[in-house]
Structures are given as structure tokens and as C-alpha cells.
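# what's the 3D shape of this:
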Amino acid sequence: MRCLALDGPGCGAKRSRDTAALTFEDINRELLADIEAAGFADAVLVGHSQAGTFLPSMRALRPDLIRKLVFVSCIAPDPGLTVVEMTGKRMREAGHTQASAAFADDTLPMRERYRIMFCNDMEADEAEMFLDKLGFDQWPASSYTATDWHYDHLADVPVSYVLCGQDAILPLEWQERFAQRVHAGRMPGIDAGHQVMNTRPEALAEVLLAEAG
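You can find the predicted model right below:
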């Protein structure tokens, strides 16, 4: 299976970029250009967490390039709400989880908030290595102000949503709601926290290979 790990503007190999002027559509088109430049066609596009907000629009822009979408514990905001409004308000209407309460607790250092949110299924040394690398990447500002979300076009697209059973920041109930919103026809599950690619990489690889088949 041939794979390509995409770097969003301001992240990874693109970390030093000035992204202030980029619109949400600019980000989508840049990622699509990276896929095309790598020689891919009929691709299976995988997104994790906030990256899932780009999958529907990328597919809408280039249905010829992308065959299938796989969301891995992704947020799918209500139309009209930003990512921050969705996570900070809408998802907490019924009360905070331990992780969301930690995120809102300004008495805790950010490192400790992130530990509760993302490291609940990690060993202590693994958590420290993960936290040491966190915070150096940043999506462009437009990804946090976008509100024009569309999902109806995914009804005719092969879509899977990988559920993470131990996710502390994105509870399983909400993952299932988001899976329905993006019209997921398949919902394989992994017993892992939000950072499944860190804690259960082999299991995630097996699921992704199966979903791409």
C-alpha cells in the first residue's frame, strides 16, 4: 500500500510558514495539490481529529482524486459553529468530561491539561515523550474561524469512521454522532485513546488497510 503523510500549512515540514493570509479553501487546495504532486489517484484520504474538518471539502473539490474517506476520531462541527465553539460549547451542553474540564481549567499548566486530554492510555514515559513534541505545530487561523460545513454530498461517498473507545477528549457518544453526520457506512472500533496512532499504531494500520481494500 502506497502512503503519503500530508503536512498542513504551519505543521511538520511546513512549520515555518506564515499562514496568516491562508483561507480555509487555500488549505484544502494546497493539500490536494500535494496529493496530486505525489502521483496519487483514486486515493483513500484519512484524517484524524481536527483534520477531519478538511476531508468533506477536499472530496467536494476533487472527487476525481479521492475515492474514499476515513475519519479517525474526528470532529464534524455543526454548520454555523467554529471548531472551538463546537468543542467548547455544543459538546459540553450535557456537562464536562474529565478531559474537557481539564482543558477549561486555567489553574492547570497546559502540559498537564494535555496529559489528561491525550495521554490517558499511555505509559508515563510514553506520555512524556509525546508531550515534549506537542505544541510546535499550528493550523492556520482560518481553520478555527470556518463555519460553513457541508456533509450531504458524502451520502454517495464510501466513508468509514474509526471509533476510539478510550478517547478522553472526544467521547464515544460524540464520535458516533459525528460518524452519522459524515454518512459513515462503516464504524470499526479500536480500544484506544485519542492518540491512537501513538498508542495502537499496529491496530490502526490494520484497520486502515482493511478500509482501503
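
# distance between the helix or strand hosting Glu128 and the chain's centre?
Element membership of Glu128 [criterion: DSSP states H and E] is helix 124-133. The gap between where helix 124-133 is centred and where its chain is centred comes out at 20 Å by Cα atoms, centre = their mean, to the nearest Å.

# all helices of the protein, in order?
Using DSSP state H, the helices of the chain run over 24-37, 55-61, 83-88, 98-103, 110-118, 124-133, 142-145, 172-181, 196-199, 201-212.

# for this protein, which residues score under the pLDDT cut-off?
94 (pLDDT under 70).

# swap the cut-off to 50 and go again
Along the chain, no part satisfies pLDDT under 50.

# got a list of what the most centrally placed residue in it touches?
In the chain, the residue lying closest to the centroid (Cα atoms, centre = their mean) is Ser49, at 2.1 Å. The contact partners of Ser49, taken as Cβ atoms under 8 Å, 6 or more residues apart in numbering, are Val72, Ser73, Cys74, Ile75, Leu170, His194. C-beta: built from backbone N, CA, C; applies to glycine.

# quick one on the thing from earlier: how big is the angle separating the helix holding Glu128 from helix 110-118?
Following axes from the mean of the first three to the mean of the last three Cα atoms, to 10 degrees, one obtains 120 degrees for the angle between helix 124-133 and helix 110-118.

# in helix 124-133, what's buried?
Residues of helix 124-133 classed as buried by neighbour count (16 or more other Cβ atoms under 10 Å): Ala127, Phe130, Leu131.

# ditto for stretch 92-105
Going by neighbour count (16+ other Cβ under 10 Å), the buried part of stretch 92-105 is Thr97, Ala99, Ser100, Ala102, Phe103.

# ends of that stretch, what's the gap?
14 Å (Cα to Cα, to the nearest Å).

# mind checking how far that stretch is from the chain centre?
Going by Cα atoms, centre = their mean, where stretch 92-105 is centred and where its chain is centred differ by 19 Å.

# for it, which outside residues touch it?
With Cβ under 8 Å, 6+ apart as the test, stretch 92-105 has contacts from Thr87, Gly88, Met91, Leu108, Glu112, Arg113, Ile116, Met117, Asn120, Ala168, Ile169, Pro171.

# farthest-apart pair in the residues you listed, please.
Met91 and Glu112 (21.2 Å; Cβ to Cβ).

# who has more neighbours out of the two?
Using other Cβ atoms under 10 Å as the criterion, Met91 and Glu112 rank with Met91 on top: 22 against 13.

# before we move on, the earlier item: with distance to Lys14 as extra columns, can I get the helices of the chain in JSON lines?
Listed next are the helices of the chain as JSON lines, based on distance: least, Cβ to Cβ, whole Å:
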{"stretch": "helix 24-37", "distance to Lys14": "9"}
{"stretch": "helix 55-61", "distance to Lys14": "17"}
{"stretch": "helix 83-88", "distance to Lys14": "20"}
{"stretch": "helix 98-103", "distance to Lys14": "26"}
{"stretch": "helix 110-118", "distance to Lys14": "22"}
{"stretch": "helix 124-133", "distance to Lys14": "16"}
{"stretch": "helix 142-145", "distance to Lys14": "13"}
{"stretch": "helix 172-181", "distance to Lys14": "27"}
{"stretch": "helix 196-199", "distance to Lys14": "19"}
{"stretch": "helix 201-212", "distance to Lys14": "23"}
